[in-house]
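Undergrad: Sequence first, then the predicted structure:
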Amino acid sequence: MTAGPIYLDHNATTPVDPRVVDAMLPYLRTHFGNPSSDHPYASAPQSAVARARLQVAALIGARPEEITFVASGSEADAAAIRGVVTAARAAGVAHPHVITQATEHPAVLAACHYAEQFHGAQVTIVPVDRDGRVDPAAVESALRPTTVLASVMHANNETGVIQPIRDLAAVAHDHGVVLHTDAAQTVGKIPVDVTALGVDLLTLVGHKMYAPKGVAALYVRAGTRVEPLIGGGGQERGRRAGTENVPYIVALGEAASIAADDLADGVGTRLAGLRDELEDALAGHLPGRVRLNGHRAHRLPQTLNVSIDGAAGHAILAACAEVAASTGSACHAGTHSPSPVLLAMGLSPERGLSALRLTLGRWTTHADVARAAEALARAVQVAGR
């Protein structure tokens, strides 16, 4: 990391790993050919895309032909949700029913709303409990004869809470329903295997795992009916038209390979230890004022979401130049509103406004954690005046 504030916002985006940059540079400088062409300039790009597809598939336990490269997580979510709905419409379901949940990423909620507004879909949003988890029984109760899809994120981007995807997939499949999960925050951070999870569609995102912004992938289980979101030249086996972005696809493949090695080396244990150190240090500096938001056990190893009694999250960060982090609150015309995720969990607006999201990454150190806790504690004294 370059000199600057301690970076604790890895759930927003990650720095690009230098090894990823090195892998993609030849496809910016030398191997510029279109991989769909039929001449020698296409050979290296074709091979590179195929290799990246293998690398991404290996990371999540998929087959390479089940991986579709796209430009963003939002596109992957839209392709999954709108693609299943339009396929159901084509099969004769007049008003396909979709189930999602209250703390979903805005990309999923927006895709559901679009399907509702323009594809005749009907959408049910099931609640979460105070820990932010979905009860599979709530999804089962929401099912209808016309339900075609359930979309539940693997882990929440604000709280890090991990959903019971395997149980949700079992409920969905018992009723012939497709399950999609947005795994942008989990792939590369914890082991993810599409067969073990039982998912039919899965979103993963490059810039959440040390690749550049502008590349992502959608896993589509063989046999899952999904209409393409973008038509055209037939790339990606007809699932996503547009000339392949070879350098960025290479970057995603390299990032996936590095992530697989990190997982084998126990990166989750290391990050969970640092996360807990950070929480303990904050609690030591601010006794009785630090409250964890989300499930203590079922959460990502790199994610700590806490509320600090008596101080607003945005004010803490404004007073803390030494730390780069985020809150879940929104600011409109100078007025701050609490995180919809925390409100959906049943937390008070006051607690929502006092929340901080502190997320660690590949190069976070013990020294970073100690310095960040001290700096944030000092900032609380300023913000709480």
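TA: Received the coordinates, thanks.
Undergrad: Could you use CA atoms for every contact and neighbour count after this?
TA: Will do.
Undergrad: So G4: helix, strand or coil?
TA: Three states are possible here, and by DSSP: H, G, I helix; E, B strand; the rest coil the one that applies to G4 is coil.
Undergrad: mind listing what it touches?
TA: If a contact means CA atoms under 8 Å, 6 or more residues apart in numbering, then G4 has E322 as its contacts.
Undergrad: Likewise for A102?
TA: With CA under 8 Å, 6+ apart as the criterion, the residues that contact A102 are 125-128, 341, 344.
Undergrad: before we move on, what about A71?
TA: Applying CA under 8 Å, 6+ apart to A71 gives the contacts 214-217.
Undergrad: next one: G61
TA: Listed by CA under 8 Å, 6+ apart, the contact partners of G61 are 192-195.
Undergrad: What of V226?
TA: Applying CA under 8 Å, 6+ apart, one finds that V226 lies in contact with 79-80, 83-87.
Undergrad: pLDDT score for it?
TA: Per-residue confidence (pLDDT) for V226: 97.
Undergrad: Same question for the one 4 residues further on.
TA: Model confidence at I230, expressed as pLDDT, equals 91.
Undergrad: got it, and T186?
TA: With respect to pLDDT, T186 scores 98.
Undergrad: contacting residues around the closest residue to it other than its chain neighbours?
TA: Among residues not flanking T186 along the chain, A155 sits closest, at 6.4 Å (CA to CA, 6 or more residues apart in numbering). Contacts for A155 (CA under 8 Å, 6+ apart) come out as 161-163, 182-183, 185-186, 299-300.
Undergrad: If any of the residues you listed are buried, put those into a PyMOL selection.
TA: With 16 or more other CA atoms under 10 Å as the criterion, this PyMOL line picks the buried residues out of these:
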select buried, resi 161+162+163+182+183+185+186+299+300
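Undergrad: L143: which of the contacts of A155 is nearest?
TA: When those are ranked by distance to L143 (CA to CA), Q163 comes first, at 18.3 Å.
Undergrad: who touches that closest one in this structure?
TA: Neighbouring residues of Q163 by CA under 8 Å, 6+ apart: 133-134, 152-155, 298.
Undergrad: For those, name the two members farthest from one another.
TA: For the contacts of Q163, the farthest-apart pair by CA to CA is V152 and H298; their separation is 15.2 Å.
Undergrad: The two: which is more packed in?
TA: Shown here are V152 and H298; by other CA atoms under 10 Å, V152 has more neighbours (28 against 16).
Undergrad: Same list (the contacts of Q163) but as JSON lines, adding distance to H113 and secondary structure.
TA: Below are the contacts of Q163 laid out as JSON lines (distance: CA to CA, whole Å; DSSP: H, G, I helix; E, B strand; the rest coil):
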{"residue": "R133", "distance to H113": "22", "secondary structure": "coil"}
{"residue": "V134", "distance to H113": "20", "secondary structure": "coil"}
{"residue": "V152", "distance to H113": "15", "secondary structure": "coil"}
{"residue": "M153", "distance to H113": "16", "secondary structure": "coil"}
{"residue": "H154", "distance to H113": "20", "secondary structure": "coil"}
{"residue": "A155", "distance to H113": "21", "secondary structure": "strand"}
{"residue": "H298", "distance to H113": "29", "secondary structure": "coil"}
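Undergrad: what's the closest of those residues to V93?
TA: When the contacts of Q163 are compared against V93 (criterion: CA to CA), the nearest one is V152, at 22.0 Å.
Undergrad: pLDDT score for that closest one?
TA: If you check V152, the pLDDT there is 98.
Undergrad: Please tell me how far it sits from T103.
TA: 9 Å (CA to CA, to the nearest Å).
Undergrad: same question, R51
TA: When CA to CA is applied, the distance between R51 and T103 equals 35 Å.
Undergrad: Between these two, which has more neighbouring residues?
TA: Set R51 next to T103 and count neighbours by other CA under 10 Å: T103 wins out with 28 against 17.
Undergrad: show me what contacts that one?
TA: Neighbours of T103 in contact, by CA under 8 Å, 6+ apart: 128, 132, 156, 340-341, 344-345.
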